[in-house]
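1. Have a look at this prediction, sequence included:
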Amino acid sequence: MKKEDCEARTLIALVVGIGFGVVIGIATLTVARPVFQSKEWAAWVQAFGSIAAIGGAYWIGKQQARFAENLRIERTKKAILGIGDLALERANLIAALLSLNEDRLSDHDMVLARVRLLSQYHKSMSDGVIGAIESIPFAEVGSAKAIAALQGLQLQFGFLDQAITNFNRGPEKIEVFSESLKQYLPGSSEYISHKEILQETLRFHVHDRIKHIKRHYNDLVQSL
């Protein structure tokens, strides 16, 4: 049942209840008016009125506290989703810069991708997401799945920055890749072909981090 429907039904029930109370009260007053005029009855009315006032104040306070708590939870959720949206936006930007929708890039397109990435990506983009996630009070998230998704995003953005750094450096400056290149004569067709494969592997590593980020983002949205 929607929240709006529950509130509407509660309001209708309250109005109807008050209406019945007024009708019964008038009828009772008409029938037992002499009794109501006694001093004893006045004292009882005052006592019941005090009890009702205390009960009403308690109920109103409880409702206000519940409303404030619900409002705080909603604001926390919006803040968390805002951080998730920021993470997804930056992941999509990096994917676009590297043309990750393409299975494989030509050597020329690979150079252009590196130029775009170097000109538009900065480490602070990943650090900003990681810092924003660290600022979230996990104890107030209220969902184990949401916490796992946030921690996954935080971890993957650290991996993403390293993957982008390796892509920009190129296979010749990464020890494990440079060793594999030594088996070929620099400048030979075999060397160039193998280097292209290694550069594509580095691009795939970035792509893999982006896929994990999107998965964690979807988990976050579904859990909240």
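-> Sure, I can see it.

2. is it true that residue 83 touches residue 134?
-> No. Under the criterion of Cβ atoms under 8 Å, residue 83 makes no contact with residue 134, lying 10.2 Å away. For glycine as for every other residue, the C-beta is placed from the backbone atoms N, C-alpha and C.

3. Compare these two and say which is more crowded by neighbours.
-> Higher neighbour count among residue 83 and residue 134: residue 83, with 20 against 10, using other Cβ atoms under 10 Å.

4. buried residues in the helix or strand where residue 108 lies?
-> For residue 108, the host element (DSSP states H and E) is helix 107-120. Neighbour counts over helix 107-120 (16 or more other Cβ atoms under 10 Å) mark 110, 113, 114, 117 as buried.

5. For the residue most central in space within the chain, give me the pLDDT.
-> Nearest to the mean C-alpha position of the chain, counting by Cα atoms, centre = their mean, stands residue 81 at 2.7 Å. As predicted, residue 81 sits at a pLDDT of 88.

6. before we move on, what SS does it have?
-> Classification of residue 81 by DSSP: H, G, I helix; E, B strand; the rest coil places it in helix.

7. Surely residue 130 touches residue 150?
-> No. Between residue 130 and residue 150 there is no contact under Cβ under 8 Å: 10.6 Å.

8. Tell me which of these two has more neighbours.
-> Using other Cβ under 10 Å, the more surrounded residue of residue 130 and residue 150 is residue 150, with 25 against 18.

9. Please work out how many residues are found near the residue lying closest to the more buried one once chain neighbours are set aside.
-> Once flanking residues are discounted, residue 150 sits nearest to residue 133: 5.4 Å by Cβ to Cβ, 6 or more residues apart in numbering. Residue 133 has 21 neighbouring residues, counting by other Cβ under 10 Å.

10. cool, residue 204 as well?
-> Taking other Cβ under 10 Å as the criterion, the count of residues near residue 204 is 15.

11. before we move on, what about the one 4 residues further on?
-> Burial of residue 208, expressed as a neighbour count using other Cβ under 10 Å, amounts to 15.

12. How about the contacts made by it?
-> With contact set as Cβ atoms under 8 Å, 6 or more residues apart in numbering, residue 208 has these partners: residue 163.

13. what about it, which helix or strand?
-> If you go by DSSP H and E, residue 208 is part of helix 189-223.

14. what about the spatially closest residue to residue 137 that is not a sequence neighbour, distance to residue 133?
-> Leaving aside its chain neighbours, residue 137 sits nearest to residue 76 (7.9 Å; criterion: Cβ to Cβ, 6+ apart). Separation of residue 76 from residue 133 (Cβ to Cβ, to the nearest Å) stands at 13 Å.

15. Which positions within the helix holding residue 208 qualify as buried?
-> Under the neighbour-count criterion of 16+ other Cβ under 10 Å, helix 189-223 has 194-196, 198-200, 202-203, 205-207, 209-210, 212-214, 216-217, 219-220, 223 buried.
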